[in-house]
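**Student:** Build me a model:
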Amino acid sequence: MNHIPPLARAKRRENQQFRFKAIKAKHPNKMPDPHVTRGKLIDFLLSEFLEPTFIQPTFLYNYPRDISPLAKSIPGDDVTVERFEGYMAGFELCNAFTELNDPLDQEQRFVDMGRDYTDDEEEKNPLDEDYLRAMRYGMPPNGGFGMGVDRLAMLLLDKHSIREVLLFPALEERRIIYWARPARSPFLLYARNSPCLI
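**Tutor:** Next comes the predicted model:
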């Protein structure tokens, strides 16, 4: 059910087309899909133009609803949710939001996402009946905060690629691993001629 009047929807579409044309005029090689939703356009602008400039700790809050389907809406505002992301050194460090606990609103968001997103987009969430059923039984107010240790290590070690700080060498490409067991020693793992005890 869409509670936004048709005139307001038309104005939103005009504003979105104006923003798209402004991006196209200034940056012809960095173009979003012209048929994206408002939230995806904001996310594109944030990741392409703003995120690399956030060197000092910066928190962005009140995100668009259509890119945060599991977050609770701000009271009195149907298009914005209670969410923030922390940035530092030019990349996202953490993400947090108040979780939605209204099963009817959550079901409508899943339906809206099914309409707004194509099948090959990774942000698309399928309609999850088990999740909605659990919500109908009763979900207390809650929230979530996520900060990856790998991103924190990138910040502390001044690395620009997450592959440089991964703890699991099997995930690194083109790594040659040799197993050896010399006499009277535990197993050794040789990777790039540097032995490691295991």
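
**Student:** any weak-confidence spans in this protein?
**Tutor:** Under the criterion pLDDT under 70, the flagged ranges of the chain are 1-17, 19-20, 23, 27, 32, 116-125, 167-198.

**Student:** now the helices for the chain?
**Tutor:** 6-26, 38-45, 103-116, 129-137, 149-157 (DSSP state H).

**Student:** Distance to residue 163 and mean neighbour count added to those helices, as a markdown table?
**Tutor:** (Each C-beta comes from the backbone N, C-alpha and C, glycine too.) Shown next, in a markdown table, are the helices of the chain (distance: least, Cβ to Cβ, whole Å; neighbours: other Cβ atoms under 10 Å):
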| stretch | distance to residue 163 | mean neighbour count |
| --- | --- | --- |
| helix 6-26 | 30 | 12 |
| helix 38-45 | 24 | 18 |
| helix 103-116 | 31 | 16 |
| helix 129-137 | 33 | 12 |
| helix 149-157 | 10 | 14 |
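
**Student:** List just the one of those helices that sits closest to residue 55.
**Tutor:** Of all the helices of the chain, helix 149-157 sits nearest to residue 55, with 11.3 Å by Cβ to Cβ.

**Student:** which helices and strands does that closest one pack with?
**Tutor:** In terms of contacts (3 or more Cβ pairs under 8 Å, 6 or more residues apart in numbering; DSSP states H and E), helix 149-157 is packed against strand 91-98.

**Student:** got the angle between the strand it packs on and helix 149-157?
**Tutor:** Strand 91-98 and helix 149-157 are oriented at 140 degrees to each other (axes from the mean of the first three to the mean of the last three Cα atoms, to 10 degrees).

**Student:** Dump the helices of the chain into a markdown table; add distance to residue 53 as well.
**Tutor:** Listed next are these as a markdown table, based on distance: least, Cβ to Cβ, whole Å:
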| stretch | distance to residue 53 |
| --- | --- |
| helix 6-26 | 15 |
| helix 38-45 | 12 |
| helix 103-116 | 29 |
| helix 129-137 | 37 |
| helix 149-157 | 16 |
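
**Student:** so who does residue 146 touch?
**Tutor:** Residues near residue 146 by Cβ atoms under 8 Å, 6 or more residues apart in numbering: 94, 95, 96.

**Student:** Buried ones among those residues?
**Tutor:** 94, 95, 96 (16 or more other Cβ atoms under 10 Å).

**Student:** Nearest to residue 46 among these?
**Tutor:** Residue 46 lies nearest to residue 95 out of those, by Cβ to Cβ, at 12.7 Å.

**Student:** would you turn the contacts of residue 146 into JSON lines with distance to residue 128?
**Tutor:** Listed next are those as JSON lines, based on distance: Cβ to Cβ, whole Å:
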{"residue": "94", "distance to residue 128": "25"}
{"residue": "95", "distance to residue 128": "20"}
{"residue": "96", "distance to residue 128": "22"}
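
**Student:** Looking at the buried ones among the contacts of residue 146, spot the one nearest residue 161.
**Tutor:** residue 94 (19.1 Å).

**Student:** So that closest one is in contact with residue 85, correct?
**Tutor:** Yes. If you go by Cβ atoms under 8 Å, residue 94 and residue 85 touch, sitting 6.8 Å apart.

**Student:** Fine, thanks again, bye for now.
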